[in-house]
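Chemist: I need the structure of the sequence given here:
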Amino acid sequence: MEGEGLSDRLVQETVKFGGGSLMIWGCMLWEGVGYATKIDGRMDGQLYVDILEDELGQTLEWYGLEREDMIFQQNNDPKYKCKKATEWIKNSGMKVPAWPPQSLDLNPIVHLWVHLKKKLGEYDSPPRGIHELWERVEEQWNKIPAAECQKLIESMPRRVQAVVKAKGGYTKY
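Modeler: Just a heads-up that it's a prediction; the model follows:
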């Protein structure tokens, strides 16, 4: 009613999540997802190399794979292309395909991040902070089946064909 003071029955409580953002590094292989890590602070070339040594190394070990048998795809982010990272990758023995800039529609892990975000959106309530968000990320990341990674990897020829057909323009991917 007009002029009536606010009461509990008239006000619906809302809770906003403003706990910050979460940066994650993760990888995917035909065999499934690899180790993921939370990035604290700002990522630079040295941190990226440390992650490649640790998380990527542990992932390959977990799946019983050798670096020399890998085709390592990454985007052209400057920290991934810096001298330290480029040298580390060159010395790793992994094959690295040439990769066009601004080509997110070709990168299958981008679509894996979308899958993860969708799963995180299925919770009944928002996380109460960064710690809880990271716990949910870890839980959902580790639940991603190998079939999801395989589906995205198998889509690569179609993605490339669509980009060629669009002459480098936008695609449905």
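
Chemist: do you know how far the closest residue in space to Asn75 that isn't next to it in sequence is from Leu22?
Modeler: Spatial nearest neighbour of Asn75, excluding adjacent residues (C-beta to C-beta, 6 or more residues apart in numbering): Asn107 at 5.8 Å. Every residue, glycine included, has its C-beta placed from N, CA and C. Separation of Asn107 from Leu22 (C-beta to C-beta, to the nearest Å): 20 Å.

Chemist: Of the two, which one has the most company?
Modeler: Ranked by neighbour count (other C-beta atoms under 10 Å), Asn107 and Leu22 place Asn107 first, with 18 against 14.

Chemist: my guess is that one contacts Asp77, does it?
Modeler: No. Counting by C-beta atoms under 8 Å, Asn107 does not reach Asp77; the two are 10.9 Å apart.

Chemist: remind me which residues of the protein are low pLDDT?
Modeler: Residue ranges of the chain with pLDDT under 70: 1-20, 101-105, 173.

Chemist: so where do the helices sit in it?
Modeler: Assigned by DSSP state H, the helices in the chain fall at 45-51, 57-63, 78-81, 83-92, 108-120, 130-143, 146-154, 156-165.

Chemist: what's around the nearest residue to Tyr80 once chain neighbours are set aside, how many residues?
Modeler: Distances taken as C-beta to C-beta, 6+ apart place Gln74 nearest to Tyr80, at 4.9 Å, with adjacent residues excluded. Gln74 has 17 neighbouring residues, counting by other C-beta under 10 Å.

Chemist: does Gln74 really touch Met94, like I thought?
Modeler: No. Counting by C-beta under 8 Å, Gln74 stays clear of Met94, with 10.3 Å between them.

Chemist: how close does Glu135 sit to Asn142?
Modeler: From Glu135 across to Asn142, the span is 11 Å (C-beta to C-beta).
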